[in-house]
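Enquirer: I would like the atomic coordinates for the input below:
(one chain, ligands or ions: 1)
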Amino acid sequence: MTETILDKILKQKALEVEDIKRDPSLLLTKEGEKTEKVTLKDSLDLRTRLGVIAEIKRASPSKGIINEGIDPVKQARLYESNGASAISVLTDEQFFKGSMEDLTNVANAVSVPVLCKDFIIDGIQIERAQKAGASIILLIVAALEQEALTALFNKAKELGLEVLVEVHDEDELTRALNLGAELIGVNNRNLKTFEVDLEISKRLAAQMPLNEIHFISESGILTEKEAKIASDSGASGVLVGEVLMKSDDAGGLLHSLQVPLQGERS
Ligand SMILES: O=P(O)(O)OC[C@@H](O)[C@@H](O)c1c[nH]c2ccccc12
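Expert: Model (predicted):
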């Protein structure tokens, strides 16, 4: 079988984890200040409009350079002042040109929760994320066996972190629900082929207990039109990167994505 980009990233992550274990000073580049932040779950519970997790993403394997010269702190403050429910920071260096330091700088500058967006395969990465100031971590079901997924999920919870569990098909959704995930993200982009299809969100949302969990539609949200499609599918939030990173008016765009939610949650 040919190696997918996800396989390549996961191989690189295994090396990164070895490095941290060999040299524990790598566990912490810069400490996050311990500021009290509202949880993403609580803030989504209260909303009558679609929540936006706005992302700092300099580059990606599928798009190449997106906005390399961005000042993450300035961008995060812009996101926060225009209503973002959380800020996602891509911390992978090799494929996304991010860093843990970006995350710390952002976490120290905003009062909304910050998501450490990385490919987590080992508990040590969760400790690192927490020390750096993350409030939320991402766990990608496609990257993990169920046993590892459960262990990492439990570890994050013990450390007081929220977990966004990312799925892409029915099997992965079942695994996320069995875990007791409260925040479930459907990535509309297939991490193996890069294909983007909003129908995936719609199809999987129909199989979720939407009154018990928050469903976040991820990737390929470009305008109010896609935000409405996500909201109509039952999403309480969207995760948006590229268009916000490229826009001359990220604040205006962020506002337009916060469309009214369909039904009230019970
Ligand atoms: O830039 P977009 O299409 O708005 O997508 C943002 C976000 O969903 C995407 O960056 C993402 C979702 N899941 C991931 C997992 C790893 C890396 C990246 C991602």
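
Enquirer: Flag every residue of the stretch 151-266 of the chain that's near the ligand.
Expert: 166, 187, 218-221, 239-242 (CB under 6 Å from any ligand atom). (C-beta placed from N, C-alpha, C; glycine too.)

Enquirer: Which ones among these map onto strands?
Expert: 166, 187, 218, 239-240 (DSSP state E).

Enquirer: Need the three-state assignment for Lys8.
Expert: With DSSP: H, G, I helix; E, B strand; the rest coil as the basis, Lys8 sits in helix.

Enquirer: All the strands of the stretch 151-266 of the chain, in order from the start?
Expert: 162-167, 183-187, 214-218, 237-240 (DSSP state E, counting those that start in this stretch).

Enquirer: Could you list the paired strands of the second one along with their orientation?
Expert: In the sheet, strand 183-187 lines up against strand 162-167 (parallel), strand 214-218 (parallel) (DSSP bridges).

Enquirer: any idea which of these is most buried?
Expert: Sort the strands paired with strand 183-187 by mean neighbour count, taking mean count of other CB atoms under 10 Å, and strand 214-218 sits at the top with a mean of 26.

Enquirer: what residues does it touch?
Expert: Residues outside strand 214-218 that contact it (CB atoms under 8 Å, 6 or more residues apart in numbering): 40-41, 44, 51, 53, 164, 166, 182-189, 198, 201, 205, 208, 230, 233-239.

Enquirer: same thing with stretch 226-233?
Expert: With contacts defined as CB under 8 Å, 6+ apart, stretch 226-233 is touched by 50, 198, 201-202, 205-206, 215, 217, 220-221, 238, 256-262.

Enquirer: just the CA coordinates of it, formatted as PDB?
Expert: Taking C-alpha atoms only, stretch 226-233 is exported to PDB below (Å, rounded to 0.1, in the frame of the first residue of the first chain):
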ATOM      1  CA  GLU A 226     -20.900  26.500   4.300                       C
ATOM      2  CA  ALA A 227     -21.500  27.700   7.900                       C
ATOM      3  CA  LYS A 228     -25.300  27.400   7.300                       C
ATOM      4  CA  ILE A 229     -24.900  23.900   5.800                       C
ATOM      5  CA  ALA A 230     -22.900  22.900   9.000                       C
ATOM      6  CA  SER A 231     -25.500  24.500  11.300                       C
ATOM      7  CA  ASP A 232     -28.400  22.800   9.400                       C
ATOM      8  CA  SER A 233     -26.600  19.500   9.900                       C
END
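
Enquirer: What residues sit buried inside it?
Expert: Going by neighbour count (16 or more other CB atoms under 10 Å), the buried part of stretch 226-233 is 226-227, 229-231, 233.

Enquirer: From the contact counts, what lies against the helix or strand containing Leu139?
Expert: Under the criterion of DSSP states H and E, Leu139 resides in strand 136-140. With contacts taken as 3 or more CB pairs under 8 Å, 6 or more residues apart in numbering; DSSP states H and E, strand 136-140 sits against strand 114-117, helix 146-158, strand 162-167, strand 183-187.
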